[in-house]
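In: I'll drop the sequence and a predicted model, then ask my questions.
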Amino acid sequence: MSTATFAQDSQSAQSDEVEQLRQRVDQLEKTLKGAVASAPELNEDNPYILREGDGLKIGETTISFGGFIKADVITGSGGDGTLNTYSVGLPRTFAKAAASDNNSWKTGFSARESRLSIGTETDDVAGHDLRTYLEMDFNQAIDAPGNEVVSNSYAPRLRQAYGNWNGWDFGQTYTTFTDLAALPEILNQGKMAAFIYTTQPMIRYSMAAPGGKFMVALENPEDGYGSNSYDDQSYPDLTARYQIRGKYGFYSVAGVLRNLEDDASDDEQLAGAVSLSARIPTIGRDDLRMQYSYGALGRYMGLFTYPDVDLAAQGGGEVKALKSYGATVAYRHYWSATWRSNLVGSHTEIVSDLTNPVATPGANGTLSYFDTSTSVHANLIWQANRKLQLGLEYAYWDFGNIADGGSSQYEQVMASAKMSF
């Protein structure tokens with residue numbers, strides 16, 4: 001091929017490319033012209049909606065949406081097939097199934113742990129950023145309106161709703177008495193024997209402290225039990241937590257001071273509890289999580305395993321804080337970048353001398369059929385993608401009675417698919 005022929009072919013190819021590029025530019029201009037023509041006029045009263053980071057900016061506020069769809073199938077021992085139990089099972093309901101003479105296993109499906117969250121951030125509100133957060137799910141009580149016969153319809157439930165401004169938190173979120181950094185990763189979230197896992201309304205202030213931060217809050221008081229909510233408290237619960245976070249892990253010490261009251265007997269008692277938590281990095285991405293709590297824990301621990309007061313003493317006209325302790329240890333191990341497992345052990349036990357445990361066995365400081373609770377969870381989780389998690393989990397529970405030394409057991413197998421958005 002001659003030099004002249006090669007030059008002509010090269011020039012022709014360049015001309016074709018230029019023509020294709022011109023056509024693409026023309027098409028892009030037409031598209032942009034249509035988009036601009038249909039967009040609202042840019043002014044202060046009707047601004048464009050601009051996407052910033054993880055949210056949408058509307059005016060001065062950036063709004064973000066999140067949550068997940070969680071599909072669960074749970075099989076439990078002890079004939080635990082009562083209404084809605086599989087999706088809202090608590091240690092108390094597990095203990096009741098364990099105490100029964102029913103040896104059959106029952107199965108249930110649920111999507112009620114699915115959550116929807118909305119967050120906002122507004123710059124320069126009286127000189128500081130204002131952030132809000134709203135979170136809902138559908139995981140209500142066993143006897144909540146709804147059915148598993150036809151529609152499986154359940155009303156939304158408020159989990160969290162709070163705002164943060166200049167170090168202050170106003171609204172409902174997790175109690176200051178716990179540290180979620182130490183929360184074990186189990187599929188049946190929060191449902192272990194002894195972890196502090198409570199959300200409630202509060203006013204909280206956080207400030208910087210050596211190595212971390214210090215938080216103090218006034219939180220909603222309550223000393224009911226089960227479905228009995230007494231609502232006779234004169235003073236809020238006072239909670240505080242000092243948290244240290246660094247390359248050697250997360251550590252915190254927390255306390256709660258409560259005034260337990262009973263209007264019927266006109267008696268009250270000031271009581272408190274303490275809690276220590278840690279999450280310690282080990283090998284690679286593995287970590288060890290621990291929490292120990294002691295005192296008048298009541299509703300704060302184990303999803304309200306024990307009452308806040310000795311029920312028999314209350315029946316006799318005396319308010320007597322029910323003291324207990326709880327310990328939780330969890331190890332998370334990464335088999336690979338996408339596969340991990342968690343092994344969790346949790347135990348709680350009443351340490352108060354129960355009023356007349358023999359003479360009034362039905363009115364002990366607890367439910368009469370258990371004074372100790374132990375749970376073990378083991379799971380295997382596949383993180384297929386940042387937005388998709390599949391897991392399988394086995395749980396074993398042991399409920400003991402201090403008075404006669406007896407115990408009963410409950411087992412559960414759970415498979416879960418969590419799809420985040």
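Out: That came in fine, so what should we check first?
In: so where's the stretch 151-300 of the chain uncertain?
Out: 224-232 (pLDDT under 70).
In: Quick one: the strands in it, in order.
Out: 157-165, 168-174, 199-209, 212-219, 237-246, 249-262, 267-281, 287-295 (DSSP state E, counting those that start in this stretch).
In: which residues touch the third one?
Out: Strand 199-209 has contacts (Cβ atoms under 8 Å, 6 or more residues apart in numbering) with 159-160, 167-176, 213-220, 222, 239, 242. Any C-beta I mention is one placed from the backbone N, CA and C, and that applies to glycine too.
In: Kindly report the same for the second one.
Out: Contact partners of strand 168-174, identified using Cβ under 8 Å, 6+ apart, comprise 133, 158-163, 180, 197-206, 217.
In: picking up where we left off before, got a PyMOL select line for the buried ones in the contacts of strand 199-209?
Out: Selection of the buried residues among these in PyMOL, burial being defined by 16 or more other Cβ atoms under 10 Å:
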select buried, resi 159+169+171+172+173+174+175+176+213+215+216+217+218+219+222+239+242
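In: what's around residue 321, how many residues?
Out: 24 (other Cβ atoms under 10 Å).
In: One more: residue 61?
Out: With other Cβ under 10 Å as criterion, residue 61 counts 15.
In: now residue 263
Out: Considering only other Cβ under 10 Å, residue 263 is surrounded by 12 other residues.
In: same question, residue 55
Out: Per other Cβ under 10 Å, the neighbour tally for residue 55 reads 18.
In: Spatially nearest residue to it (excluding sequence neighbours)?
Out: Distances taken as Cβ to Cβ, 6 or more residues apart in numbering place residue 64 nearest to residue 55, at 3.5 Å, with adjacent residues excluded.
In: contacting residues for the one you found?
Out: Applying Cβ under 8 Å, 6+ apart, we find residue 64 in contact with 54, 55, 56, 118, 119, 120, 121.
In: Can I get the residues you listed in CSV including pLDDT and distance to residue 302?
Out: Putting the contacts of residue 64 into CSV (pLDDT from 0 to 100; distance: Cβ to Cβ, whole Å) gives the following:
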residue, pLDDT, distance to residue 302
54, 71, 34
55, 82, 36
56, 86, 40
118, 94, 30
119, 93, 29
120, 94, 33
121, 93, 35
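In: out of these, which one sits closest to residue 289?
Out: residue 119 (26.0 Å; Cβ to Cβ).
In: So in terms of bridging, what pairs with the closest one?
Out: Taking DSSP bridges as the rule, residue 119 bridges to residue 64, residue 133.
In: tally of neighbours for it?
Out: So residue 119, with other Cβ under 10 Å, has 16 neighbours.
In: so it makes contact with residue 67?
Out: No: at 10.7 Å, residue 119 does not count as touching residue 67 under the criterion of Cβ atoms under 8 Å.
In: Secondary structure class of residue 23, three-state.
Out: Following DSSP: H, G, I helix; E, B strand; the rest coil, residue 23 is assigned to helix.
In: Share the number of residues neighbouring it, please.
Out: When neighbours are counted by other Cβ under 10 Å, residue 23 registers 10.
In: pLDDT at it, what is it?
Out: pLDDT, residue 23: 70.
In: For it, give its distance to residue 200.
Out: 63 Å (Cβ to Cβ, to the nearest Å).
In: and if you look at residue 68?
Out: Taken as Cβ to Cβ, the span from residue 68 to residue 200 is 23 Å.
In: again with residue 223
Out: For residue 223, the distance to residue 200 - Cβ to Cβ - is 13 Å.
In: When those two are compared, which one has more neighbours?
Out: residue 223 (27 against 19).
In: ok, that one touching residue 263?
Out: No: using Cβ under 8 Å, residue 223 is not in contact with residue 263; the gap is 11.1 Å.
In: so which strand or helix has residue 390?
Out: Taking DSSP states H and E as the definition, residue 390 sits inside strand 388-400.
In: Walk me through which strands that strand pairs with, and which way each runs.
Out: Strand 388-400 has these strand partners (DSSP bridges): strand 372-385 (antiparallel), strand 407-420 (antiparallel).
In: roughly how far out does it sit from the chain middle?
Out: With Cα atoms, centre = their mean, to the nearest Å as the basis, strand 388-400 stands 16 Å off its chain's centre.
In: now stretch 258-273
Out: With Cα atoms, centre = their mean, you get 29 Å for stretch 258-273.
In: Over to stretch 391-409?
Out: The answer for stretch 391-409 is 23 Å, by Cα atoms, centre = their mean.
In: Just the buried positions in that stretch, please.
Out: 391, 393, 395, 397, 398, 399, 400, 401, 402, 408.
In: Now the buried members of the contacts of strand 168-174.
Out: Neighbour counting by 16+ other Cβ under 10 Å classes 133, 159, 161-163, 197-200, 202, 204, 206, 217 among these as buried.
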